[in-house]
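In: quick one: sequence and predicted model below, then my questions.
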Amino acid sequence: MSEKSLPGTAIGAHVDSVDPLSAARANGAEVIQFFLADPQGWKAPKPHELQAEIQASDLTVYIHSPYVLNLATTNNRIRIPSRKILAQHAAGAAAIGAKGLIVHGGHLGKDEDPAIGVDNWRKAFVQAQDDNGGFPLPILIENTAGGSNAVARRFDRLARLWDAIGDFNPGFCLDTCHAFAGGEDLDGIVERVRGITGRIDLVHANDSRDAFDSGADRHANFGAGSIDPAQIAAIATAAGCDVLVETPAEGQSEDIGFLKSARESALASAGPSSSESARA
């Protein structure tokens, strides 16, 4: 069976933004994710120097928003710039032909009402709708690992968020490390997420350096952390969407290869008709 990516199940990695195409070739990625600007900064993204080449490639592209964004916070000095930079990165991601823009769920202060954070998320979508008729590409909200008052760490909170913003048709990015370190059981997690959001658009397939419910967002290569690699692969297969590893670069090619092998095995087990459908 060809190593060509299968529809909806391309496997790849988060890569360096300077030359994402070369990085993809080096590690065998079929789909890539990268930043358009400093992930710890507030600057608007500039057009990528290789934008035309990226658009002309056969790679699926996702863009990750800067880590500093916090759309849930009650702090006006963070929330208002977060909305602005989200709109700027959404425009930049759409211009490069990205399939989606990944955004962390954000958090509030220790004793603040989580309902405020949920409402702030809704206001961000309302503002985008009022200003520009909505975002120019799907916004994929990602579950997070840490924070006792996070909006998307625990899935009961995630359900409250989706009740508030679901009518804006947001997407969802499931991170295996974040879920594990955030205290969510990985058994049956695909079904549980779909029961809340109705969808999974992207999987960040990462091992966790730290223990279950540690709250630590520290990714590890497969087999070097606390999650069984077979469980990560099973989640990626069950989700039936694009899959990215955000693991340390030194072992990234091996992680991608492991997931590709698992995909091939799953297709072979499903029988010829499934394999032909996947190739169609």
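Out: Yep, that arrived. Just so we're clear, the structure is a prediction, and the values are computed from it rather than from any experiment.
In: only C-alpha atoms for contact and neighbour calcs from this point on.
Out: Noted.
In: give me the number of residues near residue 52?
Out: Per other CA atoms under 10 Å, the neighbour tally for residue 52 reads 12.
In: residue 53 now?
Out: The tally of other residues near residue 53 (other CA under 10 Å) stands at 12.
In: return the per-residue confidence for it.
Out: Residue 53 carries a pLDDT score of 96 in this model.
In: same check on residue 247?
Out: pLDDT, read off for residue 247, is 97.
In: surely it is in contact with residue 221?
Out: Yes - assessed by CA atoms under 8 Å, residue 247 is found in contact with residue 221 at 5.2 Å.
In: secondary structure class for residue 216?
Out: coil (DSSP: H, G, I helix; E, B strand; the rest coil).
In: one step back: overlap in contacts of residue 247 and residue 221?
Out: Taking CA atoms under 8 Å, 6 or more residues apart in numbering as the contact rule, residue 247 and residue 221 both touch 206, 207, 255.
In: quick check: phi and psi at residue 91.
Out: Dihedral angles of residue 91 (phi, psi; degrees, to the nearest 10) stand at phi -60, psi -40.
In: that one and residue 136 touch, don't they?
Out: Yes - counting by CA under 8 Å, residue 91 touches residue 136, with 6.5 Å between them.
In: what's in contact with stretch 239-248?
Out: 8-14, 31-33, 190, 200-207, 219-221, 236, 252, 255-256.
In: going through these, which ones are buried?
Out: Neighbour-count burial (16 or more other CA atoms under 10 Å) is assigned, among the contacts of stretch 239-248, to 9-14, 31-33, 190, 200-207, 219-221, 236, 252, 255-256.
In: in helices only, show me the residues you listed.
Out: Within the buried ones among the contacts of stretch 239-248, residues falling in helices by DSSP state H are 190, 236, 252, 255, 256.
In: which members of those are the farthest-apart pair?
Out: 190 and 252 (23.5 Å; CA to CA).
In: tell me the contacts of the nearest residue in space to residue 160 that is not next to it in sequence?
Out: Distances taken as CA to CA, 6 or more residues apart in numbering place residue 118 nearest to residue 160, at 7.2 Å, with adjacent residues excluded. Counting by CA under 8 Å, 6+ apart, residue 118 makes contact with 72, 151, 160, 161, 164.
In: name the element residue 118 belongs to?
Out: helix 114-132 (DSSP states H and E).
In: next, the buried residues of that helix.
Out: 114, 115, 117, 118, 119, 120, 121, 122, 123, 124, 125, 128.
In: any idea how far the first one lies from residue 57?
Out: If you measure residue 114 against residue 57 using CA to CA, to the nearest Å, the figure is 42 Å.
In: and residue 183, how far is that from residue 118?
Out: According to CA to CA, residue 183 and residue 118 sit 20 Å apart.
In: list the strands paired with the helix or strand harbouring residue 172, with their directions.
Out: Taking DSSP H and E as the criterion, residue 172 maps to strand 171-175. Strand 171-175 pairs in its sheet with strand 139-142 (parallel), strand 202-204 (parallel), by DSSP bridges.
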